[in-house]
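# Provided below for reference: sequence and predicted model.
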Amino acid sequence: MVLSLEKKWIWDSWYAHDGERWHGFFLQADKSLGDPDLRHFNVSQGHAVSDDLVDWTHLGTMLTPSAGPAWDDFTTWTGSVVKDDAGLWHLFYTGTTRAEDGLYQRIGHATSADLHSWQRVGDGLCLDLVGPNAALYEVDHVGRWHDRAMRDPWVMRDPDGDGWLMYFTARVPDVSEPNAGGAVGFATSPDLETWTLRPPVFHGGFGQLEVPQVFRFGGHWYCLFCTASIHWSEHYRQSSPQPPVTGSHYLISDHHRGPWRIAPGPFLDGAEPCRRYAARIVETSEGLKILGFADGGKDVFGGYVTDPDPVIPDGDGLLHVGSGPKALAE
């Protein structure tokens, strides 16, 4: 039983466990649009719950773009959810505005007591590419890429202190090959409300490293990301043991702040055409599990989240998916 909706496409998703059950959050758009490529700018966020990441109960829409004009009046895209010490839940998400034709992405913040009814903190905006470290990022939409990338925030506690860390999809400037300019951006906060932009923790290899997720397992840190075959850099194409594929791979490090390196060997979870995209890895009582949305391309777009598959680290800490994603929707 996959996470699906009869009348809506589902794509990027993220997860939180409340101590009793899993909460799945996801991007959704009406299938009445006809063309799945139109989903990105006709988006809202949905919510479902599950005991096992397989059988889901849908709770409906939880967040929509703001009533304009606002910095997030066009889209509310991918994010992550964490709980503070007082038990309040915090959602960090990507927003764009119609005034900029959705080309400039920023990161927003909302809170909830029940993981479903979310209220923006102020106007919601919590982080933009501004400040002393902004010059280390591609701040403007200069035509080298299809957008000004600042999206997919992944927020977690700082293992070295009392504060919080944020990783996000970004790009760096002044790279001769556009497909070598992808980056994982970084910011820190003492309280989940005031954020400071820091230098990127990684760049290179790909034109974009979407939906980053940082986690520790065993003695290693991992940064999961997804990207398309057309966004592999020339250097990575030449060094990879396989032809370009679309899907999810990862960076590996001994520390959550890096230095990070692209994991050697085959791409973790990829195919051409894409099979599963925007994957997340969650830790369960049975070990690591990976789940993401069934893609397949425009003509055979899946639009549902696959059942989870096992992820198994080897003796060197490299990750391997135990089996391919389920291919059947409800």
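Yep, it's here.
# Low-confidence ranges, this structure, go.
Along the chain, segments meeting pLDDT under 70 span 1, 323-330.
# Find the residue at the geometric middle of the chain.
Nearest to the mean C-alpha position of the chain, by C-alpha atoms, centre = their mean, lies Val211 at 2.2 Å.
# just the strands in the stretch 1-150 of the chain please.
Remark: strands assigned in the stretch 1-150 of the chain by DSSP state E, counting those that start in this stretch are 8-17, 22-30, 44-50, 56-63, 75-83, 89-96, 106-112, 119-127.
# Pick the most deeply packed of the ones you listed.
Across the strands of the stretch 1-150 of the chain, averaging neighbours per residue (mean count of other C-beta atoms under 10 Å) puts strand 89-96 on top, at a mean of 25. (C-beta placed from N, C-alpha, C; glycine too.)
# who does that one touch, helix- and strand-wise?
Identification of packing neighbours for strand 89-96 by 3 or more C-beta pairs under 8 Å, 6 or more residues apart in numbering; DSSP states H and E yields strand 75-83, strand 106-112, strand 119-127, strand 151-157.
# what about 10 Å?
strand 8-17, strand 22-30, strand 56-63, strand 75-83, strand 106-112, strand 119-127, strand 151-157, strand 164-171 (3 or more C-beta pairs under 10 Å, 6 or more residues apart in numbering; DSSP states H and E).
# Identify whichever of these lies nearest to Thr96.
Of all the helices and strands packed on strand 89-96, strand 75-83 sits nearest to Thr96, with 4.7 Å by C-beta to C-beta.
# so that closest one versus strand 8-17, what angle?
Here strand 75-83 runs at an angle of 20 degrees relative to strand 8-17 (axes from the mean of the first three to the mean of the last three C-alpha atoms, to 10 degrees).
# Report the backbone C-alpha coordinates of strand 75-83 in PDB.
Only the C-alpha atoms of strand 75-83 are listed here, as PDB (Å, rounded to 0.1, in the frame of the first residue of the first chain):
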ATOM      1  CA  THR A  75       4.500  28.100  -3.800                       C
ATOM      2  CA  THR A  76       5.100  26.300  -0.500                       C
ATOM      3  CA  TRP A  77       7.600  23.600  -1.400                       C
ATOM      4  CA  THR A  78       9.700  20.900   0.300                       C
ATOM      5  CA  GLY A  79      10.800  21.200   3.900                       C
ATOM      6  CA  SER A  80      11.400  19.400   7.200                       C
ATOM      7  CA  VAL A  81       9.900  19.100  10.600                       C
ATOM      8  CA  VAL A  82      11.600  19.100  14.100                       C
ATOM      9  CA  LYS A  83      10.400  19.400  17.700                       C
END
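# centre of the chain versus it, how much separation?
Relative to its parent chain, strand 75-83 has a centroid offset of 9 Å by C-alpha atoms, centre = their mean, to the nearest Å.
# Quick check: can you name the pairing partners of that strand and their directions?
Using DSSP bridges, strand 75-83 pairs in its sheet with strand 89-96 (antiparallel).
# ok now the partner strand, how far from the chain's centre?
Centroid separation between strand 89-96 and its chain, computed with C-alpha atoms, centre = their mean, is 11 Å.
# Stretch 102-115 too?
Relative to its parent chain, stretch 102-115 has a centroid offset of 13 Å by C-alpha atoms, centre = their mean.
# Then stretch 107-125?
The answer for stretch 107-125 is 18 Å, by C-alpha atoms, centre = their mean.
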